[in-house]
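Enquirer: Predicted structure and sequence below. I'll ask about it afterward.
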Protein chains: 2
Amino acid sequence: MKGINYFQPFSVDINLMKGIMDAPDNRVVRTASSMRGHYADESALEKIIREQGDPIHYEVFEKIMPQEYGHLCFGISRLQPGLVGEECFMTKGHYHSILETAEIYLCLGGEGYLVMKTQNGDCAVEYMKSGRLVYVPPCWAHRSVNTGEEELILLFIYPAEAGHNYGDIEKEGFPKRIFKRAGKVVIE
Amino acid sequence: MKGINYFQPFSVDINLMKGIMDAPDNRVVRTASSMRGHYADESALEKIIREQGDPIHYEVFEKIMPQEYGHLCFGISRLQPGLVGEECFMTKGHYHSILETAEIYLCLGGEGYLVMKTQNGDCAVEYMKSGRLVYVPPCWAHRSVNTGEEELILLFIYPAEAGHNYGDIEKEGFPKRIFKRAGKVVIE
């Protein structure tokens, strides 16, 4: 076993109440304009981009890990509350490039749904609130949707080799959308 | 894609403050007698077994997942506080059967250390308290040690095919032990 270059253990602090991870290696920012093509009401999205200066839609804070079999990737996503027309703010959603890999989401704050879909059209929706862990099995595309008044904060963990495939689900779309009408959440 | 038998998404509630997972599928209980051979002071362990009726040392609550590539296993471990002689209560520790698989531990309560070791003798120790996430890279055996006065509560996540190998590390032993002497934690 001499000569093996072992990856060194490390630790990172997460404020479980505030959903903040110390010292992320990488911050991904998605502004409203990066969400073009995802919402039912395109003109409402353009209005937000125009009038609010292309505000942050969601952020992902992550540790950079070797994208190799056996490792795990993890980080925190923070999705803003709000509506595009009547549709709740959401993430783009993705399949994993290696399709048959799962992902675990642990909700640390806020309220919302994980919307999931397989390539044969099955759809599933899981509610999220603080402390709820959602298991996204292998082969399910997944997107988070914020139906609350606060940021939706999720800790995510997935096999490091999984990769992200945004293209296929962008073409397919998810079978369900989540709206807020007169203060009530409606899943269609 | 027709005909694929997709594993269904699900969710489970975790009380992040109390470290309790709802509706586990399986509960593993390790009593003091199951820890024979692990502590430096064997007679002190026998005294605990004899005088305290073989008390629970630690418990693991887990969901039963397919032990297949792409899935993730998760659950919660609760390690009691206490001393065997001067040595802090700890878990057996294990390598993964598929050695090159990582594990993530998120501490939800208590205080302690994760002690880790590779097959070429490298040793690492990471401190844990609530909110600290420890990354155990591929190929590191790992054991948790409770140095506090409360239960040490850990949420764990690892690739579902990893498996557990308790035998090799039991033969090798960990290079470091953690004691409490006059109220102070000592790592030797």
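Expert: Yep, that arrived. All figures in this text were calculated on a predicted structure; none of them were measured in a lab.

Enquirer: what about the helices in chain A?
Expert: Taking DSSP state H, the helices of chain A run over residues A:42-51, A:167-172.

Enquirer: got the buried residues for the longest one?
Expert: Same thing as helix A:42-51. For helix A:42-51, the neighbour count (16 or more other Cβ atoms under 10 Å in any protein chain shown) marks A:45, A:48-49 as buried. Using the backbone N, CA and C atoms, a C-beta is placed for each residue, glycine as well.

Enquirer: Mind listing residues that contact it?
Expert: With contact meaning Cβ atoms under 8 Å, 6 or more residues apart in numbering or on different chains, helix A:42-51 is reached by A:31-33, A:35-36, A:39, A:55, A:83-85, A:87.

Enquirer: Filter these to keep only those in contact with chain B.
Expert: Residues of these in contact with chain B (Cβ under 8 Å from any Cβ of the partner chain): none.

Enquirer: circling back: let me have the helices of chain A in TSV, extended by distance to residue B:97 and mean pLDDT.
Expert: Formatted as TSV, those follow (distance: least, Cβ to Cβ, whole Å; pLDDT from 0 to 100):
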stretch	distance to residue B:97	mean pLDDT
helix A:42-51	49	98
helix A:167-172	34	95
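
Enquirer: okay, now residue A:181: neighbour count?
Expert: Using other Cβ atoms under 10 Å in any protein chain shown, the number of residues around residue A:181 comes to 9.

Enquirer: Same check on the one 5 residues further on?
Expert: When neighbours are counted by other Cβ under 10 Å, residue A:186 registers 14.

Enquirer: unless I'm mixing things up, it is touching residue A:176, no?
Expert: No - with contacts counted by Cβ atoms under 8 Å, residue A:186 stays clear of residue A:176, the gap being 10.4 Å.

Enquirer: one step back: which members of the contacts of helix A:42-51 are positioned in strands?
Expert: Using DSSP state E, the subset of the contacts of helix A:42-51 located in strands is A:31, A:83-84, A:87.

Enquirer: Roughly how far does the residue lying closest to residue A:150 once chain neighbours are set aside sit from residue B:48?
Expert: Using Cβ to Cβ, 6 or more residues apart in numbering or on different chains and skipping residues adjacent in sequence, the residue nearest residue A:150 is residue A:110, 4.6 Å away. Computed as Cβ to Cβ, to the nearest Å, the residue A:110 to residue B:48 distance reads 45 Å.

Enquirer: can you redo the ones in strands among the contacts of helix A:42-51 as CSV with pLDDT?
Expert: Shown next, in CSV, are the ones in strands among the contacts of helix A:42-51 (pLDDT from 0 to 100):
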residue, pLDDT
A:31, 98
A:83, 98
A:84, 98
A:87, 98
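
Enquirer: out of the residues you listed, who's nearest residue B:104?
Expert: The nearest member of those to residue B:104, counting by Cβ to Cβ, is residue A:31 at 29.9 Å.

Enquirer: quick one: residue A:90 from chain B, how far?
Expert: As judged by Cβ to the nearest Cβ, to the nearest Å, residue A:90 and chain B stand 17 Å apart.

Enquirer: scratch that, residue A:101 is what I was asking about
Expert: 5 Å.

Enquirer: Next: residue A:60.
Expert: Using Cβ to the nearest Cβ, residue A:60 is found at 16 Å from chain B.

Enquirer: Can you give me every residue that contacts that residue?
Expert: A:26-28, A:30, A:75-78 are the contacts of residue A:60 under Cβ under 8 Å, 6+ apart.

Enquirer: 10 Å instead, please
Expert: If you count contacts by Cβ atoms under 10 Å, 6 or more residues apart in numbering or on different chains, residue A:60 has them with A:24, A:26-30, A:75-79, A:91, A:154, A:156.
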